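K.L.:
what's the 3D shape of this:
(one chain, ligands or ions: 4)
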Amino acid sequence: MASYIVSLILLAIPIISIQAPYCATAASPPGSAASRGDGSCVNCHMRHYEKSGGCVSCHNGNPFSERMNIAHYRLISGKFAHFRIERDKTVIEGERLTNIHACRRCHHIGGSGNFLASSLDSAAIAKTPEEIYEAIKRPASGMPDFRFGESQIIALVNSIEAVAARSGDKRASPPFSLIFKTLDKKKRDIFTSRCGGCHKAISRKKGALGNGITAPNLSGIFTRHYPASFSNSGKWSGKRLKEWLGNPRKIRPMAKMQPVFLDDEEFRELMEVLEN
Ligand code: HEC
Ligand code: HEC
Ligand code: HEC
Ligand code: HEC
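P.N.:
Ligands and ions are numbered 1, 2, ... in the order given. Presented below is the predicted three-dimensional model:
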């Protein structure tokens, strides 16, 4: 609100007119731009994607103002506007990255996925594309750093926006809180003490566990959103995990992980962490 007032005050002061790349010198013929809903946008810009709708259908903005700052209110810049185009290749690339990096093992995206972290459908509604870009580029604690390049992040943001728009899932996501606490050594959970040196995992009840980055992140391991492991595509279950811990090489001949011996009580505790 305050910044809105400030901008109104600033705009009351006569401003130097901004020379846009394609700024029209003469006024547009009456009604022509307005009739398409493009308003002031085409005073300063050339048209494109004309068959797909008006400027604001893809870029937002306020077409009733001649002033750039106001016309650009909540503008969706070109690089994040691909999601408005049907089967755009940037969006398809983003969907491919979402699948191969198994974002859904933690996030709800396009109406499907786990709730170990916030729903990206809700994030797409509440946040700007720039904020989503930043969240992937500089991940919060608990979110893996995938070290994506700029074009990959742009593709991901476009696909997150596209599937959120398509899924039409307007339900608020369940309240999300991730627990981060330095655990007392004695009270450490079994995952942190026996797996956490090499692995990480998010547990609904216990929060973000482990510090390891040398081994796969085990978040959502028993769900269908967990990625198929490299040399086998079988799903993980309690039985399979028990076999794996007893001797990983029985399941995967080239496995690097050493066996970890847990008694029944410890295994039960581990399952409680990983299943929640
Ligand atoms: C008074 C002139 C003016 C008006 C009116 C105007 N723009 Fe712009 N626009 C500019 C200029 C100058 C730039 C380049 C500088 C910048 O990005 O700030 C620009 C940049 C843009 C960009 C590119 C931003 C990016 O980073 O990709 C988009 C998209 C855009 N405008 C859309 C619109 C839309 C949609 C409207 C109408 C609702 C509109 N503009 C109205 C002058 C204008
Ligand atoms: C169907 C969606 C769509 C519509 C309609 C649309 N744009 Fe865009 N716009 C995009 C996309 C996607 C980009 C990104 C680059 C590209 O594909 O050209 C973009 C890029 C831009 C840019 C940045 C160009 C550059 O090279 O940096 C400007 C400015 C712009 N659009 C203005 C407008 C204006 C003004 C209108 C209305 C006359 C409009 N757009 C209509 C989707 C759209
Ligand atoms: C191991 C679990 C995990 C995986 C896998 C994961 N994330 Fe996250 N992500 C998190 C956590 C934890 C946060 C921070 C808390 C929150 O906002 O959910 C987060 C935050 C985000 C945010 C900010 C959300 C907001 O509301 O501000 C975005 C965007 C995001 N992740 C995108 C992705 C994308 C894209 C992928 C896949 C390439 C991905 N994440 C994979 C755990 C994960
Ligand atoms: C000393 C490091 C280390 C410890 C401790 C460790 N792991 Fe691993 N783990 C690995 C490595 C490295 C891999 C990579 C796969 C391989 O070995 O081929 C792995 C792989 C796995 C996999 C397969 C994941 C996949 O997607 O293929 C599971 C499941 C697993 N570990 C569970 C556990 C559990 C549960 C614990 C604790 C009880 C644990 N690990 C402790 C290093 C460790």
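
K.L.:
quick one, what contacts the most centrally placed residue in the chain?
P.N.:
Nearest to the mean C-alpha position of the chain, by Cα atoms, centre = their mean, lies Leu120 at 5.5 Å. Leu120 makes contact with 103, 107-109, 132, 160, 164 under the criterion Cβ atoms under 8 Å, 6 or more residues apart in numbering. For the C-beta atoms, the positions are set from N, CA and C on the backbone; glycine is no exception.

K.L.:
Identify the farthest-apart pair in these.
P.N.:
Farthest-apart pair in these is His108 and Ile132; separation 14.4 Å (Cβ to Cβ).

K.L.:
In terms of neighbours, single out the busier of the two.
P.N.:
His108 (25 against 22; other Cβ atoms under 10 Å).

K.L.:
so the more buried one sits right up against Phe115, yeah?
P.N.:
Yes - assessed by Cβ atoms under 8 Å, His108 is found in contact with Phe115 at 5.8 Å.

K.L.:
Most neighbours among the contacts of Leu120, which one is it?
P.N.:
Ile160 (28 neighbours).

K.L.:
do you know how far it is from Arg96?
P.N.:
Plainly put, Ile160 is 13 Å away from Arg96 if you go by Cβ to Cβ, to the nearest Å.

K.L.:
Return the set of buried residues in stretch 119-134.
P.N.:
119-124, 129, 132-133 (16 or more other Cβ atoms under 10 Å).

K.L.:
Repeat that for stretch 100-115.
P.N.:
102-110, 113-114.

K.L.:
Select from those residues every entry located in helices.
P.N.:
Among the buried residues of stretch 100-115, none falls in helices (DSSP state H).

K.L.:
and which of the residues you listed is nearest His48?
P.N.:
Nearest to His48 among the buried residues of stretch 100-115 is Gly110, at 27.6 Å by Cβ to Cβ.

K.L.:
mind checking how far the residue nearest to the closest one when sequence neighbours are not counted is from Gly113?
P.N.:
Once flanking residues are discounted, Gly110 sits nearest to Val163: 3.2 Å by Cβ to Cβ, 6 or more residues apart in numbering. For Val163, the distance to Gly113 equals 10 Å [Cβ to Cβ].
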